[in-house]
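Asker: any chance you can model this:
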Amino acid sequence: MTLRTTTDKATGVALVTLDRPDRLNAIDLPMAEQLALFWRELRLDDTVRAVVVTGAGERAFCTGLDRDAASAVPQPSSPYAIDDPLLRIGPKSNGCWKPLIAAVNGMACGGAFYLLGESDFLVADPSATFFDPHTTYGMVSAFESILMAQRMPFAEAARMALMGTAERMSARRAYEMGLVSELTEPGGAATAAVRCAEVIAGYPPEAVQGTVRACWAAQEAARAHALAYAPHLVSLGNLSPDRQAELFTSRRSSGEARVR
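Answerer: The predicted structure is shown next:
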């Protein structure tokens, strides 16, 4: 299994761990399917009242869609359609309104933003860094940028998307501008997130889920309108997979990105 879940029945908190540390917790097709199934089943499980998601190991929370998985998904020829295996990896896109807290450790980039974008708030280890590699490799950052623009100041979201792999946002900077709500001691992100989840899970679930729904309603219309454009922008703006692979290979050894 590439997804590990544990539930503390006493507290009502589930801990979901992206468990592919050898691949920097990149999401392959089985993991994407497991995440979607988890959220759908969670709607019917009243013993779980809050969820924490994190990544296995110390190097990465998640580095997005595994490149092998990306090449395995054929795309329609029409610019009006796109098959994206990450569109259903978050709770909200599966109709689940139980609160989700992300505990970010190490790198969080690219397709990780689908999951972070559907989290209710983020807790981060000081080692966490955030970046979006799409433009570097000739790909449109559409879904990712739309989701992150809902979570952070527009200029910061635009800078992260446009700077690609040349720059990484530090956990400190993410905290200063509001993407991260709590910056923990080293190694403490998951513990801090679980502590918050236990508090929330102790409240009446109807009130909690209604509050989650209300918070998301505040921005949902703009988000839904923007996401409707994303498939067309991706289809029209992406380089061919072969050209993307060439850029990926040529830039892997180009040195560390600047952290701000």
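Asker: all helices of the stretch 151-260 of the chain, in order?
Answerer: Shown for the stretch 151-260 of the chain, the helices assigned by DSSP state H, counting those that start in this stretch span residues 154-163, 171-176, 189-201, 205-227, 230-237, 241-251.
Asker: figure out which of those is closest to Ala56.
Answerer: helix 189-201 (10.4 Å; C-beta to C-beta). For the C-beta atoms, the positions are set from N, CA and C on the backbone; glycine is no exception.
Asker: ok so, going back, can you say which of the helices of the stretch 151-260 of the chain is nearest to Gly64?
Answerer: Smallest distance to Gly64 across those (C-beta to C-beta): 12.1 Å, for helix 241-251.
Asker: give me the mean pLDDT for that closest one.
Answerer: For helix 241-251, the mean pLDDT works out to 70.
Asker: please apply the same query to stretch 45-56.
Answerer: 97.
Asker: just the CA atoms of it, as CSV, please.
Answerer: Output of stretch 45-56 as CSV, limited to C-alpha atoms (Å, rounded to 0.1, in the frame of the first residue of the first chain):
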residue,chain,number,x,y,z
ASP,A,45,-17.6,6.6,9.1
ASP,A,46,-18.8,8.5,12.1
THR,A,47,-16.0,7.3,14.3
VAL,A,48,-13.6,9.7,12.5
ARG,A,49,-14.2,13.4,13.1
ALA,A,50,-11.0,15.0,12.0
VAL,A,51,-8.1,14.1,9.8
VAL,A,52,-4.3,14.9,9.6
VAL,A,53,-2.3,14.2,6.4
THR,A,54,1.5,14.1,6.3
GLY,A,55,4.3,12.5,4.4
ALA,A,56,6.6,9.6,5.3
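Asker: need phi/psi at the closest residue to Gly111 other than its chain neighbours.
Answerer: Nearest non-adjacent residue to Gly111, counting by C-beta to C-beta, 6 or more residues apart in numbering: Gly64, 3.0 Å away. Torsion angles at Gly64 (phi, psi; degrees, to the nearest 10) stand at phi 90, psi -160.
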